[in-house]
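J.: Have a look; sequence and predicted model below, questions after that.
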Amino acid sequence: MLGLLRHRARIIDADSRLQTHQQSALTYIPTASPDLIATHFFLDCLTQPQLDDLARRLSETMAPNGLWLISDFRIPPGAMAFPAQILVRVGYLSFRLLTGLRVAHLPDHASALTRAGLIRIAHHYSLFGMLTTELWRRPPIAATEVNE
Ligand SMILES: C[S@@+](CC[C@H](N)C(=O)[O-])C[C@H]1O[C@@H](n2cnc3c(N)ncnc32)[C@H](O)[C@@H]1O
C-alpha cells in the first residue's frame, strides 16, 4: 500500500516531500500538528475501543481548524439497510480470510469523532447510501480555553 502511495504521489515530487511510516496507527504519534488527516476505508479495520482511542489521540494533535477526511462503508436507513448489512458481512468475511482481520462489525466513527470534539462539516453518500465520505473539523480553540 505504501509503495502504491509513493508511486501515485510521484507527480508531486514524492521523494523529497512525502514521508511514509510503516507502523500501527494505534501507536503512531504525529510529530507535528496535522492540517489534514485522511482515513479512507481504514477506520473499519478497528474495534470501537481502538477507534475511540485513535480519535481522541489524533484530535488532540490536530491544528485548530484541522480537517479529518473519511471514506467508509455505511449502513443506510430504510430499504437499503439489509443489502448494506450483507455487503459489509461479506466484506468482513473476505477480509478475515485474506488478511486475518478479526474485526467483524463497522465501528461508529461518528460518535468517536464527536466525543473527540470534532464537528462534521460535510458529507456525501454514494452507492445507494452504502458508502460515505465525510469531512470533520477540529474547532478553533475556544476563548475560555485560551484564557485558562
Ligand atoms: C482497505 S485498506 C485501505 C487502504 C487505502 N486507504 C485505500 O483506500 O486504498 C486498509 C489498510 O489499513 C491498514 N491497516 C489496518 N490496521 C492498521 C493499523 N492499526 N495501523 C495502520 N494501518 C492499518 C491495512 O494494512 C490496509 O492497508
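T.: That came in fine, so what should we check first? Residues are numbered from 1 along each chain as shown.

J.: contacts, neighbours, all on C-alpha from now
T.: OK.

J.: Quick check: phi and psi at the residue nearest the centre of the chain.
T.: The residue lying closest to the centre of the chain (C-alpha atoms, centre = their mean) is Thr39, at 3.5 Å. Main-chain torsions, Thr39, degrees, to the nearest 10: phi -130, psi 100.

J.: if I look at it, how far off is Glu134?
T.: Counting by C-alpha to C-alpha, to the nearest Å, the separation of Thr39 from Glu134 is 10 Å.

J.: what touches both of these two?
T.: Shared contacts of Thr39 and Glu134 (C-alpha atoms under 8 Å, 6 or more residues apart in numbering): Leu69, Ile70, Ser71.

J.: Report the secondary structure state of the last one.
T.: Secondary structure for Ser71, judged by DSSP: H, G, I helix; E, B strand; the rest coil, is strand.

J.: Was I right to think Ala63 contacts Arg138?
T.: Yes. Counting by C-alpha atoms under 8 Å, Ala63 does reach Arg138; the two are 7.4 Å apart.

J.: Looking at these two, which one has more neighbours?
T.: More neighbours surround Arg138 than the other of Ala63 and Arg138, with 22 against 18 (other C-alpha atoms under 10 Å).

J.: Just give me the neighbour total for Val88.
T.: Around Val88 there are 20 residues (other C-alpha under 10 Å).

J.: Would you mind naming what in this structure lies close to the ligand?
T.: Residues of the chain found near the ligand (C-alpha under 6 Å from any ligand atom) are Met1, Gln23, Ser24, Ala25, Leu26, His40, Phe41, Phe42, Cys45.

J.: returning to that earlier point: residues in contact with the residue nearest to the centre of the chain?
T.: Contact analysis of Thr39 by C-alpha under 8 Å, 6+ apart lists Trp68, Leu69, Ile70, Ser71.
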